[in-house]
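*Asks:* one predicted model, sequence on top.
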Amino acid sequence: MAPPAARLARLSRTASFSACHRLHSKSLSDEENLKLFGKCNNPNGHGHNYKVIVTVRGEIDPVSGMVINLTDLKEYMQAIMEPLDHKNLDKDVPYFAEVVSTTENVAVFIWENLKRLLPAGMLYKVKVYETDQNIVVYKGEETISER
C-alpha cells in the first residue's frame, strides 16, 4: 500500500489586545492630519479592543496529525501581543514612533514579528479587527504587482 499523500491545511488562532493610539503622520502638518484622520487624530488618542486572527499553513504531520503545535502558536502570538496590550502604541512601541499606527501597520508589525518566530513559509495571513466594521488582512505582500 502506498503511503498517504501529504495533506496541506490552514490553521487559525485568535488573540486579542487593548491599546490606544493617535493617527498622526509626522510628514503632514497638524491641519493636514486633522483633515485626513478626523477624530482619530485627537491629541489625546483613542482606544480599541483589537482582535487578531493568525493563520498558518503547512503539511499535516502524519505522526502528530498537526500543522503546528497549538501551544507553540499560542506562545508565539502572546510574545507579539503582550508588548501591545494596554499600551499607547505610538509612545510605548518603538516601531510606531516612526510608522503611523493604522490597523494596516499593526497587521504588518504582527506579521513581521511572527514571521521571525515561525518556520519559514508557514505564516499565511494576519487578520486584525480594529472594530467589527474595520478589518485588515495582510498576507506579506509588499506591493501590487503590475498586470
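*Replies:* Happy to help now that I have it.
*Asks:* which residues of the protein fall in strands?
*Replies:* Per DSSP state E, the chain carries strands over the ranges 8-21, 46-59, 87-88, 123-129, 135-138.
*Asks:* quick one: the helices in this protein?
*Replies:* Under the criterion DSSP state H, helices of the chain are mapped to 30-37, 70-81, 89-92, 103-117.
*Asks:* give me the most central residue, this structure.
*Replies:* Note on the chain: the residue nearest the mean C-alpha position is residue 107, at 3.0 Å, using CA atoms, centre = their mean.
*Asks:* which residues sit in contact with that one?
*Replies:* By CB atoms under 8 Å, 6 or more residues apart in numbering, the contact list for residue 107 reads 126-128, 136-138. For glycine as for every other residue, the C-beta is placed from the backbone atoms N, C-alpha and C.
*Asks:* ok, it to residue 69 distance?
*Replies:* Per CB to CB, to the nearest Å, residue 107 is found 24 Å from residue 69.
*Asks:* same check, this time on residue 86
*Replies:* Distance of residue 86 to residue 69, given as CB to CB: 28 Å.
*Asks:* can you count the residues close to the nearest residue to residue 73 once chain neighbours are set aside?
*Replies:* Distance criterion CB to CB, 6 or more residues apart in numbering; nearest residue to residue 73, sequence neighbours excluded, is residue 13 at 5.3 Å. When neighbours are defined as other CB atoms under 10 Å, residue 13 has 15 of them.
*Asks:* isn't residue 13 right up against residue 70?
*Replies:* Yes - using CB atoms under 8 Å, residue 13 is in contact with residue 70, at 6.7 Å.
*Asks:* is it true that residue 10 touches residue 55?
*Replies:* Yes - in this structure, residue 10 is within contact of residue 55 by CB under 8 Å, at 5.4 Å.
*Asks:* quick check: neighbours shared by these two?
*Replies:* With CB under 8 Å, 6+ apart as the test, residue 10 and residue 55 both reach residue 124.
*Asks:* those two: which is more packed in?
*Replies:* Shown here are residue 10 and residue 55; by other CB under 10 Å, residue 55 has more neighbours (16 against 11).
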